[in-house]
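Asker: predicted model follows, preceded by the sequence.
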Amino acid sequence: MKKLLWPFLWSFALIASGCSGDSPDPDGGDVVKPDQEVPDPTGTVLLSMRNDDGTSLDGLYIGNDDNFHGNGWKIASMGKVRGLGNVASIPTSGWADRVAVVPGNGYVAHNYWSDEFVRIWVSDYISGATTGGVIGAEVKYQKPFRGLDEAISLKQDKVVFPVEGATQELVFDNSSIVPFKVTSSAGWCRVEKGSTRNESFLYDAVVVVR
């Protein structure tokens, strides 16, 4: 029997939508000008990360190669920005297992284990007292990072299931990545996050299973 999914889509849109603001807000990720100085977002933490000394951000660390890396982490560089509040959105490309640590650069990283994003800004290198060489970096970070405060838009407004066990993927119309949570109030179907991007954690769809 065919099943039409009108009520579920309406509930999903309410659960996933954010509240869009009219002014720049470093807490909401709305700052998009990299050269405009803005306050640090609420919850900013300053961390001195020394190369391979055990100091890490939930397992993300700086190695002796002066790169960010860690088990279960992916990192993307946002290039030069004025501060942590200027790291405004979650990039859709440029993700790697390790990325060079550069003062003045902003980054977004994803933790596989917690399925959360974190935004990072490197303020300066740490130099050794005796050698004068680089032994780490001073960084600021804030988590969880939710990207731009943007409501989710669906390309479809209905789903028809032709048979039992059928699956439908609802792809968002948003060009940016908007982290979300999804649940189903209907007992006849289950829902989970989906992605059409190169990285599976860049969720931009919902998969509905009959």
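Answerer: Cool, the structure landed.
Asker: stretch 115-125: which residues count as buried?
Answerer: If you call a residue buried by 16 or more other C-beta atoms under 10 Å, then stretch 115-125 has these buried ones: E116, F117, V118, R119, I120, W121, V122. Using the backbone N, CA and C atoms, a C-beta is placed for each residue, glycine as well.
Asker: residues contacting that stretch, please?
Answerer: Contacts made with stretch 115-125 from outside it, assessed by C-beta atoms under 8 Å, 6 or more residues apart in numbering, are listed as 41, 57-58, 60, 68, 81, 83-84, 86-87, 90, 101-111, 134, 136-147, 179, 201.
Asker: sorry, back to before: and which of the buried residues of stretch 115-125 is nearest R197?
Answerer: Looking at those and their distance to R197, the nearest is F117, at 13.8 Å (C-beta to C-beta).
Asker: for the closest one, which non-adjacent residue is spatially closest?
Answerer: If the residues on either side of it in the chain are set aside, F117 comes closest to F145, at 4.3 Å by C-beta to C-beta, 6 or more residues apart in numbering.
Asker: list the contacts for K143?
Answerer: Under the criterion of C-beta under 8 Å, 6+ apart, the contact partners of K143 comprise G43, E116, F117, V118, R119.
Asker: so where's the chain uncertain?
Answerer: 1-32, 129-132, 157-159, 161-165, 186-187 (pLDDT under 70).
Asker: distance from the chain centre to the longest strand seen in it, please.
Answerer: If you go by DSSP state E, the chain has its longest strand at strand 116-127. When C-alpha coordinates are averaged (C-alpha atoms, centre = their mean, to the nearest Å), strand 116-127 and its chain have centres 15 Å apart.
Asker: hey, where'd the helices end up in the protein?
Answerer: In order along the chain, the chain carries the following helices (DSSP state H): 6-16.
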